[in-house]
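Q: Could you look at this predicted model? Sequence included:
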Amino acid sequence: MATHYYDLTESERAIVFKLASHALEHPGGMSFEGRYNRFASSLEISTKTVYRAISKLISLGIVKKETTVKRKC
């Protein structure tokens, strides 16, 4: 993140810190799609801003998106 700090908007930086905080509380990954509305609400920004920011964070290599399959029990 330090490399791209000045390439990010205030909202994008806030989302990085929110993602990091969430990852510490819930290790092992998370579903982005289920969190967009919660992140937007808690940061008082639009859901669309969260989508754009996460796309940018992925393209910069700050956030890694992996596809997983949920096991049926």
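A: Received, thanks.

Q: Which stretches in the protein count as helices?
A: Along the chain, counting by DSSP state H, helices occupy 10-25, 36-43, 47-59.

Q: how near is the residue lying closest to residue 60 once chain neighbours are set aside to residue 72?
A: The spatial neighbour of residue 60 that comes closest, neighbours along the chain excluded (C-beta to C-beta, 6 or more residues apart in numbering), is residue 4 at 5.1 Å. C-beta: built from backbone N, CA, C; applies to glycine. Between residue 4 and residue 72 the computed distance is 39 Å (C-beta to C-beta, to the nearest Å).

Q: Compare those two (neighbour count), which wins?
A: Each of residue 4 and residue 72 had its neighbours counted (other C-beta atoms under 10 Å), and the higher figure belongs to residue 4 (15 against 4).

Q: The more buried one contacts residue 62, doesn't it?
A: Yes. Residue 4 sits in contact with residue 62 when judged by C-beta atoms under 8 Å, with a separation of 6.2 Å.
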